Each structure stands twice: as structure tokens, then as C-alpha cells.
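>>> Predicted model and sequence follow; I will ask about them next.
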Amino acid sequence: MSAQLIDGNALAAQIKAEVTAEVAALKTRGIHPGLAVVLVGDDPASQVYVSHKVKDSEQVGIHSVLERMEATTSEVALLAKVEALNNDPSIHGILVQMPLPKHIDSQKVIAAINPAKDVDGFHVVNAGALAVGLPGFWPCTPHGAMKMIESIGMNLRGKHAVVIGRSNIVGKPMAQMLLNQSATVTICHSATLNLKEICLCADVIVAAVGKQNVVTKDMVKAGAVVIDVGMNRNSQGKLCGDVDFGAVREVAGFITPVPGGVGPMTRALLLVNTLKAAGA
Ligand code: NAP
């Protein structure tokens, strides 16, 4: 058996088409959704990510502003920039690209973003809203992963979902979203002793580690849904996920590829959040 692919590019294109129509409808009401992306420094990967975010916004009709700041920018100057964007009525969503240079406290910067403009969903107000089931912005990557599970029509109630990784931006919110759908959730991390045995019980595995081949064929139950959030470079410099894709595909029921999986969905969900921030 070979697993069915969950095509992130196709799903993201569908979401972008919906956002394009909703942006156009908002504009007829005099609202022009605006997104500000702040990039501090010149990290090559971050530069690629922000250029994608700006391009995606333009494609769907969202006004986007890229604020570039020097790597030597002080924390005070960055906080002042965030405050200016908080007060700018043409900007509905603010995203500060992570990671920030070491001399800047990321948590302080995230806390400075108006939660109503926090389209990354990293602010403690939005994390808390997700935890207690109140409306708010959900982090784009796990939300995109949830949409991928939804797309195959899987009812998560009573299913065992294993999330590998416990970061604030992927693992924890992913586990929370799965729990909110009444899955039985196990969160694994670097101190987990019996990862293989836990994964073998899973109906859904979400790998969000950042290490190639963390999930191998012998860890996956036949027919399981495998969502690969990881983004790594293999020895040939090619983009790959955390899952040994070729082998795991032989046992899984559904699997997401890297590239073309969670990545494009993350970008699409940022547009959804920006639209929501603008009042759609
Ligand atoms: P992170 O903050 O580095 O967290 C990685 C998590 O993996 C940690 O919780 C860590 O455990 C756990 N871990 C490390 N080694 C492990 C092992 N051998 N077994 C089990 N767990 C292990 O990373 P992140 O920001 O969550 O990102 C995870 C991956 O997703 C990265 O590859 C990142 O590039 C990718 N990503 C992709 C997108 C996208 O759009 N596709 C978006 C965001 C992130 P401890 O907590 O114990 O250290």
C-alpha cells in the first residue's frame, strides 16, 4: 500500500482563492487589509520567508509593507517600530520575523504586538485564547496542519494523535488544536524515552522537530496519518522533512510531502489571519 498524498500546494491555492474573493468583498466596504512584515537583519532563510509573505499578500490583494531593520537595531528601536505599527490604522496584521538577533528579547517583542494584530498568533493572549477555547489568532503552521487533516475528512474524536515537538509556535498549539477536536494527544520531545512505541499507537503523527528521519517506517502503524512539519536540508542540500518519506509512505494511510506540504499551508493561513484581523 502507498499512502495518499495530502497536497499542501493544492489546498493552499484553494484557500488563497477564497481569501482573494473575501479581500475584494472587504474592499467594496472601504476596508483595505494591510500586513506589515518586520525583518531585522539579513538572515538568508528569513529573507526568503518574508519575500514569500509579501508576494503572497500582493497576490490576494492584501496591502503589504516590508519593514527592514539593520541587524544592529536595538530592542528599543524595534519596540518603537512595533508600537508605530500598532497605531497605524492601515495595518491590520503585524508579523515580526523570527529568529531575532541575540541581543533582542523575542518574548518582549511578541508581547508588544497588539494581540488584535498578532497574525502569527504568538502573543500570550492568543495562546491563552487557544488554550481555553476562546476566539483569537491561531499560529499558522499548526492551523495549516489541522486544515490538512480536515481535508481528508478525518474525525479526530477518540483518535490517538502524537505530536513530536513542544515549541510554542508548532508543537504546543498543534497539541491543543488536536485536543480541542477531542483527539487523545501525546506530546513527545527530546527527553521522551520510548518514541517508537508511542508513535506505533498513533492514528495521527505530527512531526515538528527539525531533524531528518526522526520518524521512520518501523514507527508508523499501517494506515496512520503522517503530517511532516519539519524543514531540513539533507546531505545533498535538498529540502526535506522530519519523516523518512519514501519508506513511511509504504505504510501510512496519508502523508504530507516536504516541500509542498505544511509550508504552503502556513503561508496561506497567514493570509487568512490577516483577513480576519481586517474584520472579515
Ligand atoms: P524547535 O523550537 O527547535 O522545537 C523542536 C522540538 O523538537 C523541541 O520540542 C525538541 O524537544 C524536540 N526534539 C528535538 N529532538 C528530538 C528528538 N530526537 N525526539 C523527539 N523530539 C525532539 O522547532 P520548531 O520551531 O517547533 O520547528 C520544528 C520544525 O518545523 C523545524 O524543522 C522548523 O524548520 C519547521 N517549521 C516549519 C514550518 C513550515 O512552515 N513548514 C513552520 C515552522 C517550523 P525539547 O523541547 O525537549 O528540546
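Looks like it arrived, so ask away.

>>> was I right about residue 93 contacting residue 53?
No: with contact defined as Cβ atoms under 8 Å, residue 93 does not reach residue 53; the gap is 10.1 Å. To be clear about C-beta, it is placed using only N, CA and C from the backbone, and glycine gets the same treatment.

>>> so what sits against both of these two?
35, 270 (Cβ atoms under 8 Å, 6 or more residues apart in numbering).

>>> out of the two, which sits in the busier spot?
residue 93 (28 against 24; other Cβ atoms under 10 Å).

>>> Please give me every residue in contact with that one.
Here residue 93 is in contact with 33, 34, 35, 36, 117, 119, 270, 273, 274, 277, 278 (Cβ under 8 Å, 6+ apart).

>>> Got the phi and psi for it?
For residue 93, the backbone dihedrals are phi -130, psi 140 (criterion: degrees, to the nearest 10).

>>> Next one: it relative to residue 226, how far apart?
For residue 93, the distance to residue 226 equals 31 Å [Cβ to Cβ, to the nearest Å].

>>> coming back round to it: which one of the contacts of residue 93 is nearest to the ligand?
The ligand lies nearest to residue 270 out of the contacts of residue 93, by Cβ to the nearest ligand atom, at 9.7 Å.

>>> could you say which helix or strand contains that closest one?
Using DSSP states H and E, residue 270 sits within helix 262-277.

>>> before we move on, what about residue 37?
Using DSSP H and E, residue 37 sits in strand 34-40.

>>> what residues does the stretch 151-280 of the chain put near the ligand?
Selection of the stretch 151-280 of the chain residues close to the ligand by Cβ under 6 Å from any ligand atom yields 164-167, 169-171, 188-192, 195, 208-211, 214, 229-232, 262-263, 266.

>>> picking that back up, the strand holding residue 37 - contacts with which helices or strands?
Applying 3 or more Cβ pairs under 8 Å, 6 or more residues apart in numbering; DSSP states H and E, we find strand 34-40 packed against helix 44-60, strand 63-69, helix 75-86, strand 93-96, helix 262-277.

>>> Reformat these into TSV and put mean pLDDT next to each item.
What follows is the helices and strands packed on strand 34-40, written out as TSV (pLDDT from 0 to 100):
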stretch	mean pLDDT
helix 44-60	96
strand 63-69	97
helix 75-86	98
strand 93-96	98
helix 262-277	98
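
>>> Figure out which of those is closest to residue 155.
Proximity to residue 155 (Cβ to Cβ) singles out helix 262-277 among those, at 20.1 Å.

>>> Also compute the angle for that closest one relative to helix 44-60, please.
Taking axes from the mean of the first three to the mean of the last three Cα atoms, to 10 degrees, one finds that helix 262-277 is oriented at 50 degrees with respect to helix 44-60.

>>> domain parsing for the chain?
Domains of the chain are assigned by automatic domain parsing as 31-115, 139-263.

>>> Format these as TSV; extra columns: distance to residue 12.
Listed next are these as TSV, based on distance: least, Cβ to Cβ, whole Å:
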stretch	distance to residue 12
domain 31-115	9
domain 139-263	8
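
>>> Of the contacts of residue 93, just the buried ones, ChimeraX syntax please.
In ChimeraX, a selection of the buried entries from the contacts of residue 93 looks like this (16 or more other Cβ atoms under 10 Å):
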select :33,34,35,36,117,119,270,273,274,277,278
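
>>> What's the local residue count around residue 126?
25.
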